[in-house]
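**Student:** Everything below, folded, please.
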Amino acid sequence: MRLLIATDAWHPQVNGVVRSLENMAAAGPAFGFEPIFLTHRDFASLPLPGYPEIRLAYATPRHVARLWDDLRPTHVHISTEGTVGYATRRYCLAHGRPFTTSYHTRFPEYLSARAPVPEAWSYAWLRRFHGASNGTMVSTPSLERDLGARGFINLMRWTRGVDTDLFRPTPGKVPEPTDLAGLARPLFLSVGRLAVEKNLDAFLRLELPGTKVVVGDGPDRARLAAIDPGARFLGTRTGAELAALYAAADVFVFPSLTDTFGIVLLEALACGVPVAAFPVTGPLDVIGATGAGVLDGDLQAAALAALSIPRERCRAEALRYTWAESARQFYDNIAVAHGTAPVWARGSVQATQAAIELG
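**Tutor:** Residues are numbered from 1 along each chain as shown. As a prediction, this is how the structure comes out:
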């Protein structure tokens, strides 16, 4: 089975959508699927003003049609609501092809943070976009409830995971990363795109002891750096380098009010770092009452209280989330929405063994 994943979010972007899709693609063969991607790289594109890493593709149903015969998909998943996703949606509807979608981003809130566009208008458009699918995947129970109350239908659960081999506590004798050497403790870390919708202002304006450390880049970096000259901005980091920065931190501060999940929460927990966040969708689902973090409308109080949380408790909570389970949910949703009996449900020994090895 060939699964076409249409997405506007793809390299060189570094975000949770891209990481999730990469992991789903790697798991595909274990569930009887060959994932193939349709991205901005398949079309003429331009950089989004202020976000050069985001490409706006000139994608139309006619362009999709020209690629379809070579792609030969048996199943279709539309990951984003951008030009690539919209063109693929229109092609599927015109040719009677079923498809699934996923809701990764609170686009109405993001848009209203930048322009005077009523959220009700954006939600009406998104409800229409996703309403044509055979299933819309959402990452958390609270997001499912919220979208259901807004009239979204055919909602399906798809959780996220974390690589607990890469993201893990650093052994005591390993020196801290060079970028953090000599900084006053405690270290309060935040990781993510430096853009207005991430609400990093709330973090940088806190009066905290020690040092604030920000990892990531984006169009808002210069403005944010001016808020707290004492904060350290390290730019984008990935892989083992990023994991080492997490593990060296004392508290992970997540100020976002609009993220639908927050894979960075799992990465921090996997490294044994307690979380401080607002009690909103994402943190409520990942942290909740686990004791692995503190959720409070007063983010400063949450950050200070999180200092006393045992790191072992954080690591234990992260171990509950695996990419293998995430992939099982994802491909189960794909099969059910397309009316296909899952390969693993038919007793495929190879698929079962591969799924075990993935986990």
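**Student:** pLDDT below threshold where in the stretch 251-359 of the chain?
**Tutor:** Along the stretch 251-359 of the chain, the parts satisfying pLDDT under 70 run over 341-359.
**Student:** For stretch 7-14, buried residues please.
**Tutor:** 7, 8, 9, 10, 13, 14 (16 or more other CB atoms under 10 Å). No exception for glycine: its C-beta is placed from N, CA and C like everyone else's.
**Student:** and if you look at stretch 108-123?
**Tutor:** 108, 110, 111, 112, 113, 122, 123.
**Student:** ok, now how distant is the residue lying closest to the first one once chain neighbours are set aside from residue 128?
**Tutor:** The one in question is residue 108. Closest residue in space to residue 108, ignoring its immediate chain neighbours: residue 122 at 3.5 Å, by CB to CB, 6 or more residues apart in numbering. To residue 128, residue 122 is 11 Å away according to CB to CB, to the nearest Å.
**Student:** Ok, residue 232 next?
**Tutor:** Following CB to CB, the distance that separates residue 232 from residue 128 is 44 Å.
**Student:** quick one, phi/psi of residue 55?
**Tutor:** phi -100, psi 130 (degrees, to the nearest 10).
**Student:** My error: substitute residue 105 in the last question.
**Tutor:** phi -130, psi 140.
**Student:** Could you report the neighbour count for the spatially closest residue to it that is not a sequence neighbour?
**Tutor:** Excluding the flanking residues, the one nearest residue 105 by CB to CB, 6+ apart is residue 260, at 6.7 Å. If you count neighbours by other CB atoms under 10 Å, residue 260 ends up with 22.
**Student:** before we move on, the earlier item: which one of the buried residues of stretch 108-123 sits closest to residue 270?
**Tutor:** residue 110 (26.9 Å; CB to CB).
**Student:** For that closest one, identify the helix or strand it belongs to.
**Tutor:** helix 107-114 (DSSP states H and E).
**Student:** Could I get the average pLDDT for that helix?
**Tutor:** When pLDDT is averaged over helix 107-114, the result is 78.
**Student:** Output the helix or strand following it as PDB, nothing but the C-alphas.
**Tutor:** Where DSSP H and E defines the elements, the next helix or strand beyond helix 107-114 is helix 119-131. Extracted in PDB, the C-alpha atoms of helix 119-131 (Å, rounded to 0.1, in the frame of the first residue of the first chain):
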ATOM      1  CA  GLU A 119     -11.200  33.500  14.800                       C
ATOM      2  CA  ALA A 120     -14.800  32.500  13.900                       C
ATOM      3  CA  TRP A 121     -14.000  33.100  10.200                       C
ATOM      4  CA  SER A 122     -10.900  31.000  10.300                       C
ATOM      5  CA  TYR A 123     -12.600  28.100  12.200                       C
ATOM      6  CA  ALA A 124     -15.400  28.100   9.700                       C
ATOM      7  CA  TRP A 125     -12.900  27.700   6.900                       C
ATOM      8  CA  LEU A 126     -11.000  24.900   8.700                       C
ATOM      9  CA  ARG A 127     -14.200  23.100   9.600                       C
ATOM     10  CA  ARG A 128     -15.100  23.000   5.900                       C
ATOM     11  CA  PHE A 129     -11.500  21.900   4.900                       C
ATOM     12  CA  HIS A 130     -11.400  19.000   7.400                       C
ATOM     13  CA  GLY A 131     -15.100  18.200   7.100                       C
END
